[in-house]
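J.: A predicted structure for the sequence below; I have some questions about it.
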Amino acid sequence: MKKLFFLLLLTFGCLWAWALPVAANTTWEPGALALGLDARSFGMGGACLTVLDAWAEPYNPAALPFLPRQGFWFGRFTNPYVDSAELKGDQLHLHLGYLHPETENGAYAITAYRHRFLWDYIGVVGYNHSYTDLAVFQYGYGYRLNERLALGFNVRRVAQTDEIEEEATGALLMRKNTYLSFDIGGVFRLNKAIAASVLVTDVFAPKIHFNIGGTDYLYDVTPRVLFGGAFRLGDFFIFALDLDGDFINFDELLAATRIGVEIRPLPFVAIRSGCYHGWDTIGFGLRLGRMEGLEMALDFAQYWPNEGDILSRVQTWEMTIRF
């Protein structure tokens, strides 16, 4: 069994490394919390705030006291975008985390991210190349007030590096910033089947300063209010819905929604589908091991582009180990 476990671990690591980035398009904002990019959530359309089980990656810190087992996870997300007439680029999101379940003093998670975001503009007056790289270290803490309600917070240290190549002169301009960002969240669990959550990201909006050509610029990472809900039928079926709270009309409501389902026809096999900000996603997972001992989950998810290109390499791989 141990040999099989490590063979699968090695195989998954090779597949994870193979998922190389090609180019990028995203709703993510530099410095903000990137939500739902792990393979479990992304297969369910990115819905992640209220999925409370041993295999959930805890984006909402208030979910931590409801997650039953300790363990760690790592994964890789790539998002391509290519438009030969205008631009191309790539987005790469790596994450590694550890979860320690509830004790008398609450529960915590420690997570490290690396997020790279590259654009190459073709034939556009101004800057023709820009590159953002973030190294993020995050600590999350959650405390359960009673059997139904928990509160929590995230604190992130972000080291951000930006490079911009000026099209007119070819000059390479670089800026570096280090700042802190905070989130607060809450989870209300009515029973084992129904739960709801709220998360406010970047509560104390970090101010990012940089200088280009002798001119100073300053902008804030925009705080976001997000709501989530989930319905569960045992371990067989999960329905989850996340909503960004800044929409003002029906079209924006659709773009602000992440929604998905997970079905387990067998206890160790998961099939997932969802809609991530208007884009269809699919995913699957395989669970190995024993519930009373070491368990491992291997998960994969894929964009299903509107153009119907099912071979698009907008995808994410994930490994989760619980013990």
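T.: The structure has been received and is ready for your questions.
J.: any weak-confidence spans in this protein?
T.: Where the chain drops to pLDDT under 70, the residues are 1-31, 81-89, 120-129, 166-171, 209-219, 247-251, 291, 304-313.
J.: In it, what residue spans correspond to helices?
T.: Using DSSP state H, the helices of the chain run over 2-18, 39-43, 250-255.
J.: contacting residues around Ala56?
T.: Contact analysis of Ala56 by Cβ atoms under 8 Å, 6 or more residues apart in numbering lists 40-41, 48, 63, 67. Using the backbone N, CA and C atoms, a C-beta is placed for each residue, glycine as well.
J.: Same check on Ala32?
T.: Listed by Cβ under 8 Å, 6+ apart, the contact set of Ala32 reads 181, 201-202, 221-222, 224.
J.: same check, this time on Arg290
T.: Arg290 touches nothing, counting by Cβ under 8 Å, 6+ apart.
J.: State the distance from it to Glu262.
T.: Look at Arg290 and Glu262: by Cβ to Cβ, to the nearest Å, they are 21 Å apart.
J.: same deal with Arg189?
T.: Distance from Arg189 to Glu262, by Cβ to Cβ: 18 Å.
J.: The two: who's more crowded?
T.: Glu262 (27 against 22; other Cβ atoms under 10 Å).
J.: that older thread, quick one: which of the contacts of Ala32 has the most company?
T.: Within the contacts of Ala32, most neighbours by other Cβ under 10 Å means Thr201, with 25 neighbours.
J.: isn't that residue right up against Leu33?
T.: Yes - Thr201 lies in contact with Leu33 (Cβ atoms under 8 Å); the separation is 4.7 Å.
J.: Between the two, which contacts overlap?
T.: Common neighbours of Thr201 and Leu33 (Cβ under 8 Å, 6+ apart) are 181, 183.
J.: which residues touch Gln160?
T.: Taking Cβ under 8 Å, 6+ apart, we find Gln160 in contact with 30-31, 132-134, 176-179, 208.
J.: Of the residues you listed, which is the nearest to Glu147?
T.: Glu147 has its nearest neighbour among the contacts of Gln160 in Gly31, at 35.7 Å by Cβ to Cβ.
J.: Pull the contacting residues for the closest residue to Leu94 other than its chain neighbours.
T.: Using Cβ to Cβ, 6 or more residues apart in numbering and skipping residues adjacent in sequence, the residue nearest Leu94 is Arg114, 4.5 Å away. Arg114 is in contact with 92-95, 133-136, counting by Cβ under 8 Å, 6+ apart.
J.: Determine which two of those residues are furthest apart.
T.: His95 and Asp133, at 14.7 Å, using Cβ to Cβ across the contacts of Arg114.
J.: And these two? Which one has more around it.
T.: Each of His95 and Asp133 has its neighbours counted (other Cβ under 10 Å); His95 has more, 22 against 17.
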